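J.: Provided below are the primary sequence and the corresponding predicted coordinates.
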Amino acid sequence: MASTTHTNGPIAPTPKPATTSDPASSDLFTLQLIPNKGKGLVAACSIHPGTLLISETPLFAIGSSATERDLATHVRSLPKESQRAFLSLHNSRAGKGDPFSNIVRTNAYPLGPGSDIGGIFPLIARINHSCRPNAQHAWNAKLSRETVYSVRPIAAGDEITLSYSSGGPSIERRKALKEMFGFECACEVCSLPAEDLRVSDERLRKAQLLDEAIGNPKRVMMNPENALADCRELLRLYRDEQIADLRIPRLYYDAFQICAMHADRARAKVFAQKSREARILCEGEDSVEGKVMMGFAVNPAGFENFGTTKKWRTDEVPVGLDADDFEKWLWKEK
Ligand SMILES: C[S@@+](CC[C@H](N)C(=O)[O-])C[C@H]1O[C@@H](n2cnc3c(N)ncnc32)[C@H](O)[C@@H]1O
């Protein structure tokens, strides 16, 4: 769901013939009523990280410039079963404005990062938000399917959750969720006792600041030691906060770029490999980004900014270090 709010624009061609034959549930989960959240998916057994939970084709896809009329015409042209599936989805703005547009706004997921086409996936649309999600969704363009993988161990009876929105402390997250999606977040983090929430907020505020600092290209160029130390600290904060979604492969990719820019081939290889592994956990073995990272792990010099400076020039990954010493080497810790 996340960032799509499609009220206007042509209907995009549905990537592959829409199907309603995807299972409404699976051996892994059941659809249940969840206190304060409407319906949601609950694990029926214990699930390992990296398990494919759902792979679903869209009922239809819609471009961001579709008008309400375009949408209505399109919905009415769908088979009756698909119309029913669409109309049964949650409308977070019931009674306000056009119901079809509202259902799209409540439930559509973009077909890939930054895409202005949103897809309606009837089963994935039942997954509620958590600020500490245990699953990750992704558009797989090769399969023309949206996938959902578990990213943390999920116990039988736990709710399966995705993140609809960005991080930051709870006051900012709750405001964004209310504004964008019209609900008061009742996730496990936002429902923590006050002292635990304060600790979580402190971590996520720090994480937000570190993430901004790491994204500063001038600093990566002039002060890579600090930028890499920030990546290390951010990873610790995410671990303490049990964040295991796409933020992890992105963080390793940041570390890769810092090392590659300064000709540190050895560390760049290791970080590209870590990014690939974390990406595959979230998106599966056929992840396109995972393949790109595999390429960089084999040949970091394939990165366009490789060796902008020769400051950290290294070639070989050290052998024979124990795990702690290897981590120290990797993060350039004394
Ligand atoms: C995409 S739907 C998710 C499935 C929905 N619960 C249902 O019954 O179909 C999004 C809606 O679910 C509810 N929701 C999702 N995550 C929530 C959360 N963390 N806290 C409270 N409500 C939530 C909100 O009503 C939100 O508008």
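T.: Yep, that arrived.
J.: Tally up the residues packed near Arg174, please.
T.: Applying other C-beta atoms under 10 Å, we find 18 residues neighbouring Arg174. Using the backbone N, CA and C atoms, a C-beta is placed for each residue, glycine as well.
J.: Next up, the contacts around it.
T.: Glu184, Cys185, Cys190 (C-beta atoms under 8 Å, 6 or more residues apart in numbering).
J.: Show me which of these is closest to the ligand.
T.: Among the contacts of Arg174, Cys185 lies closest to the ligand (C-beta to the nearest ligand atom), at 4.5 Å.
J.: Of the contacts of Arg174, which is the most crowded?
T.: Cys185 (23 neighbours).
J.: sorry, back to before: the contacts of Arg174 also near the ligand: which ones?
T.: Here is what survives when the contacts of Arg174 are matched to the ligand using C-beta under 6 Å from any ligand atom: Cys185.
J.: what would the contacts of Arg174 look like in a markdown table with secondary structure?
T.: Output for the contacts of Arg174, formatted as a markdown table (DSSP: H, G, I helix; E, B strand; the rest coil):
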| residue | secondary structure |
| --- | --- |
| Glu184 | coil |
| Cys185 | coil |
| Cys190 | coil |
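J.: how's this protein carved up into domains?
T.: Domains of the chain are assigned by automatic domain parsing as 29-181, 194-330.
J.: show me where the stretch 1-150 of the chain has helices.
T.: 68-77, 80-87, 99-107 (DSSP state H, counting those that start in this stretch).
J.: interface residues of the stretch 101-250 of the chain facing the ligand?
T.: Residues of the stretch 101-250 of the chain lying near the ligand (C-beta under 6 Å from any ligand atom): 106-107, 125-126, 128-130, 181-183, 185-187.
J.: Only the buried members of those: can you turn that into a ChimeraX selection?
T.: Burial among these is assessed by 16 or more other C-beta atoms under 10 Å; the matching ChimeraX selection reads:
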select :106,107,125,126,128,129,130,181,183,185,187
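J.: can you tell me the residue of the stretch 201-334 of the chain closest to the ligand?
T.: Asp245 (14.9 Å).
J.: How is that residue assigned, secondary-structure-wise?
T.: Following three-state DSSP, we place Asp245 in the coil state.
J.: dump the residue contacts of it.
T.: Per C-beta under 8 Å, 6+ apart, neighbours of Asp245: Pro133, Gln136, Val151, Ser163, Cys282.
J.: Same check on Leu235?
T.: Leu235 touches Ile248, Leu251, counting by C-beta under 8 Å, 6+ apart.
J.: can we see that at 6 Å?
T.: Leu235 makes contacts with Leu251, as judged by C-beta atoms under 6 Å, 6 or more residues apart in numbering.
J.: for stretch 198-213, which positions count as buried?
T.: Ser200, Asp201, Arg203, Leu204, Arg205, Lys206, Ala207, Gln208, Leu210, Asp211, Ala213.
J.: let me redo that: stretch 286-296
T.: The neighbour-count check on stretch 286-296 (16+ other C-beta under 10 Å) flags Ser287, Glu289, Gly290, Val292, Met293, Met294, Phe296 as buried.
J.: right, and the first one touches Arg279 too?
T.: Translated: Ser287. Yes: if you go by C-beta atoms under 6 Å, Ser287 and Arg279 touch, sitting 5.2 Å apart.
J.: thinking again about what came up before, tell me the most buried of the helices of the stretch 1-150 of the chain?
T.: Neighbour counts (mean count of other C-beta atoms under 10 Å) averaged over each of the helices of the stretch 1-150 of the chain peak at helix 99-107, with a mean of 21.
J.: from the middle of its chain, how far away would that one be?
T.: A distance of 21 Å separates the centroid of the chain from that of helix 99-107, by C-alpha atoms, centre = their mean, to the nearest Å.
J.: now it against helix 68-77, angle please.
T.: 90 degrees (axes from the mean of the first three to the mean of the last three C-alpha atoms, to 10 degrees).
J.: Take the helix or strand hosting Ala268, keep the C-alpha atoms, and write them as CSV.
T.: Assigned by DSSP states H and E, Ala268 belongs to helix 265-283. What follows is helix 265-283, C-alpha atoms only, in CSV (Å, rounded to 0.1, in the frame of the first residue of the first chain):
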residue,chain,number,x,y,z
ARG,A,265,37.7,-3.4,-3.2
ALA,A,266,37.9,-6.0,-0.3
ARG,A,267,35.3,-4.3,1.9
ALA,A,268,33.1,-3.4,-1.0
LYS,A,269,32.9,-7.0,-2.0
VAL,A,270,31.8,-8.1,1.5
PHE,A,271,29.2,-5.3,1.8
ALA,A,272,27.8,-6.1,-1.7
GLN,A,273,27.5,-9.7,-0.6
LYS,A,274,25.8,-8.8,2.6
SER,A,275,23.4,-6.5,0.8
ARG,A,276,22.6,-9.3,-1.6
GLU,A,277,21.8,-11.8,1.2
ALA,A,278,19.6,-9.3,3.0
ARG,A,279,17.8,-8.4,-0.3
ILE,A,280,17.1,-12.1,-1.0
LEU,A,281,15.7,-12.5,2.4
CYS,A,282,13.2,-9.7,1.6
GLU,A,283,12.5,-10.4,-2.1
